[in-house]
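Participant: coordinates only, sequence not included:
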């Protein structure tokens, strides 16, 4: 009995539904194909339709797992209603990423108007909350190394991860490879594998995450800290001698000499440097002249006891190198001899300079001697007999007596006399020529000069005799 009654009720409602569908009029509804929004931000869903029918319109947006009601507003244009249905999802989540179909209905007494859109796809995205580059293990010179770039908080997950070196425009060399990994927590990782060298220390490596939906690309960079063992070990002498260029040297130091040696090396981290002497008991003795302070070796006073092998050791966590210097003592005659040789050469040069200066001064002095001092030297060199007056005469007498000119001279006049020496076989006993004579008078001095009648009186002579051979 109950089964028959239930069947009758269901049949009735089915007939009513079929009848109402038959009486409903279809309305065309348009929707935008997609809406893109950032995850967690509000999203507006819209659809549009036109109808000349009276009555209130209702709308909704339906997805496979959600239904939201729309607010329908209409305006009349040329006796036709232009309507819009709008719905807002305030806080979008990943569950809202779906296709929403707009449905509208305008019920009437006899006929109802209904329409359905093609659907709007809601697309959500999220830019990364962080991008981080980590070294899985310390980056060591010559060893395989990995850099891991981790991107968190992004959506969707089909992002693009790219690696660059030095800047965002320098692509990686072909020998560098990267692998993309999706973790269980939703993080995206990219692992870069390479073998660094010492020149990579301080180089920038960039990781860039991008997606077409994002407003900007997100990047992060890291400066490589390439670890390396000690290298380029150098031993230098801070006081005296020259730099030691080879890793093994024989150094001979004069006795009683003070000397300092310095040892240096490169490496990352900075290596620990120390000096080691082969005689540990000597190094630790209280009266030793040897002082070792880290990379500095000081020998206050070189002695035979200071001789031996001195080893400089540089080490860090990634390697160790050393260099040994053999130091021996000498009497020091070599350096002392060089020292005194230089002093002797300087003294000789100084004496030669002084001697040359004295000769130059003496030569100049001979040229400026008085007439009496230079007479002996000049008599044998000059070819003619001449005289040069030393004072200007005040008055000349015009009278000439027996071809002798008179010159009045208030003061005694001096002159330089030179003559040419006659040959040894010449008889000079009776060959005397009166050249100059001075007569004393209480009033004046009269000077006589032998001259030719036509020769002008212009030169004063003194009496001179030819020296006998």
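Facilitator: In hand now; what should we look at? Note that the structure is a prediction, hence the values are computed from the model and not measured. Residues are numbered from 1 along each chain as shown.
Participant: partners of residue 291 in the sheet?
Facilitator: Residue 291 has these beta-bridge partners by DSSP bridges: residue 298.
Participant: what's the distance between it and residue 300?
Facilitator: 7 Å (Cβ to Cβ, to the nearest Å). (Each C-beta comes from the backbone N, C-alpha and C, glycine too.)
Participant: over to residue 268?
Facilitator: 35 Å.
Participant: neighbour-wise, which of these two wins?
Facilitator: residue 268 (19 against 15; other Cβ atoms under 10 Å).
Participant: which residues touch that one?
Facilitator: 201, 225-228, 316, 318 (Cβ atoms under 8 Å, 6 or more residues apart in numbering).
Participant: quick check: bridge partners of it?
Facilitator: Note on residue 268: beta-bridge partners by DSSP bridges are residue 228.
Participant: residue 68 now?
Facilitator: Residues in beta-bridge contact with residue 68 (DSSP bridges): residue 61.
Participant: what about it, neighbour count?
Facilitator: Residues lying near residue 68 (other Cβ under 10 Å) number 15.
Participant: any idea how far residue 26 is from it?
Facilitator: 23 Å.
Participant: same question, residue 60
Facilitator: 17 Å.
Participant: just residue 58 next, same as before
Facilitator: 16 Å.
Participant: ranking helices and strands of the protein by mean pLDDT, which lands last?
Facilitator: In the chain, no helix or strand scores lower on mean pLDDT, DSSP states H and E than strand 395-401, which sits at a mean of 39.
Participant: list the residues that contact residue 307.
Facilitator: Contacts of residue 307 were listed using Cβ under 8 Å, 6+ apart, and they are 327-329.
Participant: picking up where we left off before, of residue 60 and residue 26, who's got more company?
Facilitator: More crowded of residue 60 and residue 26, by other Cβ under 10 Å: residue 60, with 19 against 9.
Participant: which of the contacts of residue 268 lies closest to residue 183?
Facilitator: Minimum distance to residue 183 across the contacts of residue 268 is 25.5 Å, recorded for residue 225 (Cβ to Cβ).
Participant: and the closest one, that's in a strand?
Facilitator: No: looking at residue 225 with DSSP: H, G, I helix; E, B strand; the rest coil, it is coil, so not inside a strand.
Participant: what sits closest to it if chain neighbours are left out?
Facilitator: residue 139 (6.4 Å; Cβ to Cβ, 6 or more residues apart in numbering).
Participant: run through the stretch 151-300 of the chain and note the low-pLDDT ranges.
Facilitator: Scanning the stretch 151-300 of the chain for pLDDT under 70 picks out the ranges 174-175, 184, 240-249, 280-288.
Participant: switch the cut-off to 80
Facilitator: Along the stretch 151-300 of the chain, segments meeting pLDDT under 80 span 168-178, 180-186, 238-250, 279-290.
Participant: again, but for the stretch 301-450 of the chain
Facilitator: Ranges of the stretch 301-450 of the chain meeting pLDDT under 80: 331-341, 344, 357, 361-450.
Participant: helix, strand, or coil at residue 192?
Facilitator: strand.
Participant: bridged to it, which residues?
Facilitator: Under the criterion used (DSSP bridges), residue 192 bridges to residue 147, residue 178.
Participant: could you list which of the contacts of residue 307 belong to strands?
Facilitator: Applying DSSP state E to the contacts of residue 307, the entries found in strands are 327-329.
Participant: was I right about residue 60 contacting residue 68?
Facilitator: Yes: Residue 60 is within contact range of residue 68, at 6.8 Å (criterion: Cβ atoms under 8 Å).
Participant: related to what we said a few turns ago, restricted to buried residues, select the contacts of residue 268 in PyMOL.
Facilitator: Per 16 or more other Cβ atoms under 10 Å, the buried members of these correspond to this PyMOL selection:
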select buried, resi 201+226+227+228+316+318
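Participant: mind putting the contacts of residue 268 in CSV, distance to residue 209 included?
Facilitator: Converted to CSV, the contacts of residue 268 look like this (distance: Cβ to Cβ, whole Å):
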residue, distance to residue 209
201, 26
225, 23
226, 25
227, 28
228, 32
316, 36
318, 33
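Participant: quick revisit: out of the contacts of residue 307, which one sits closest to residue 345?
Facilitator: Checking the contacts of residue 307 against residue 345 with Cβ to Cβ, the nearest one is residue 329 at 27.9 Å.
Participant: next, count neighbours for that closest one.
Facilitator: Around residue 329 there are 18 residues (other Cβ under 10 Å).
Participant: wait, it sits on residue 251?
Facilitator: No: contact criterion Cβ under 8 Å: residue 329 and residue 251 do not qualify, at 10.2 Å.
Participant: and the helices in the stretch 151-300 of the chain?
Facilitator: Using DSSP state H, counting those that start in this stretch, the helices found in the stretch 151-300 of the chain span residues 280-284.
Participant: next up, the contacts around residue 126.
Facilitator: 38-40, 153-155.
Participant: what's across from it in the sheet?
Facilitator: Assigned bridge partners for residue 126, using DSSP bridges, are residue 155.
Participant: likewise for residue 254?
Facilitator: Beta bridges link residue 254 to residue 330, judged by DSSP bridges.
Participant: give me the number of residues near it?
Facilitator: Residues contacting residue 254 under the criterion other Cβ under 10 Å number 16.
Participant: quick one: neighbours of the residue nearest to residue 121 when sequence neighbours are not counted, just the number.
Facilitator: Excluding the flanking residues, the one nearest residue 121 by Cβ to Cβ, 6+ apart is residue 34, at 4.3 Å. Around residue 34 there are 11 other residues, counting by other Cβ under 10 Å.
Participant: same question for residue 110.
Facilitator: 5.
Participant: give me the secondary structure label for it.
Facilitator: Three-state call for residue 110 (three-state DSSP): coil.
Participant: what's the distance between it and residue 79?
Facilitator: In this view, residue 110 and residue 79 are 20 Å apart by Cβ to Cβ.
Participant: domains for this protein, by residue range?
Facilitator: 23-125, 130-226, 230-331, 375-450 (automatic domain parsing).
Participant: which residues touch the residue nearest to residue 225?
Facilitator: By Cβ under 8 Å, 6+ apart, the contact list for residue 139 reads 145, 196, 200, 224-227.
Participant: go again using 7 Å as the cut-off
Facilitator: Listed by Cβ atoms under 7 Å, 6 or more residues apart in numbering, the contact partners of residue 139 are 145, 196, 224-227.
Participant: now those as TSV including distance to residue 167?
Facilitator: Shown next, in TSV, are the contacts of residue 139 (distance: Cβ to Cβ, whole Å):
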residue	distance to residue 167
145	21
196	18
224	14
225	19
226	19
227	24
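Participant: not counting sequence-adjacent ones, nearest residue to residue 59?
Facilitator: Once flanking residues are discounted, residue 59 sits nearest to residue 85: 3.2 Å by Cβ to Cβ, 6+ apart.
Participant: the helix or strand that neighbour falls within: which residues count as buried?
Facilitator: Secondary structure assignment for residue 85, by DSSP states H and E: strand 80-89. For strand 80-89, burial by neighbour count (16+ other Cβ under 10 Å) applies to 81, 83-87, 89.
Participant: having no further points to raise, I will conclude here.
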